[in-house]
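*Asks:* model the structure of this input:
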Amino acid sequence: MDRLLTKKELADRWQVSETCIDNYRRDGILTQCKGIPAVRFSLQHIQELEGVKPERFSPLEKKKLEQELEKVTKERDKYKEIATNVFNESSKVFNFSKGGTNY
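*Replies:* Have a look, this model is predicted:
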């Protein structure tokens, strides 16, 4: 679960008063987490407001996904080549390359 910040933690982080945080909530600038019986803010949401784009994956997960993407890309290229060869061979049989038909 995403780390949650209290109103005081957020006020300290932004170097403003807790009243200022309340004003931001009232004005719709900040949205507190729903379903929690206390005022808490999602760290990810706060980072997005601050212009920081948090990483969705750890470096290990990212490397694993990059390797999987490379594997799938190679497999796709292999099948594209097979499909091209099948089309080229079938076009010889049906004489597609000359625009005619052999019916």
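
*Asks:* and the helices in this structure, which stretches?
*Replies:* Remark: helices assigned in the chain by DSSP state H are 7-14, 18-26, 43-49, 59-94.

*Asks:* what's the spacing between the residue most central in space within the chain and Leu65?
*Replies:* The residue lying closest to the centre of the chain (C-alpha atoms, centre = their mean) is Arg56, at 7.2 Å. Look at Arg56 and Leu65: by C-beta to C-beta, to the nearest Å, they are 10 Å apart. In this view, the C-beta of every residue, glycine as well, is placed from N, C-alpha and C.

*Asks:* picking up where we left off before, mind checking the helices of the chain for the one nearest to Pro37?
*Replies:* Counting by C-beta to C-beta, Pro37 lies closest to helix 7-14 out of those; the figure is 13.8 Å.

*Asks:* using CSV, write out every CA atom in the closest one.
*Replies:* In CSV, the C-alpha atoms belonging to helix 7-14 read as follows (Å, rounded to 0.1, in the frame of the first residue of the first chain):
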residue,chain,number,x,y,z
LYS,A,7,-1.8,16.6,7.9
LYS,A,8,1.1,17.6,10.1
GLU,A,9,3.6,15.6,8.1
LEU,A,10,2.4,17.2,4.9
ALA,A,11,2.4,20.7,6.5
ASP,A,12,6.0,20.1,7.6
ARG,A,13,7.0,18.8,4.2
TRP,A,14,5.6,21.9,2.4
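
*Asks:* which elements pack onto that helix?
*Replies:* helix 18-26 (3 or more C-beta pairs under 8 Å, 6 or more residues apart in numbering; DSSP states H and E).

*Asks:* show me what the helix it packs on is packed up against.
*Replies:* On a contact count with 3+ C-beta pairs under 8 Å, 6+ apart, helix 18-26 meets helix 7-14.

*Asks:* which residues touch the helix it packs on?
*Replies:* Residues from elsewhere that reach helix 7-14 (C-beta atoms under 8 Å, 6 or more residues apart in numbering): 5, 17-18, 20-22, 30, 39, 41, 46.

*Asks:* need those in TSV with distance to Lys71 and neighbour count, can you?
*Replies:* Compiled in TSV, the contacts of helix 7-14 are given as follows (distance: C-beta to C-beta, whole Å; neighbours: other C-beta atoms under 10 Å):
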residue	distance to Lys71	neighbour count
Leu5	39	21
Ser17	53	10
Glu18	51	14
Cys20	50	13
Ile21	47	24
Asp22	51	14
Leu30	43	18
Val39	46	18
Phe41	40	24
Ile46	37	20
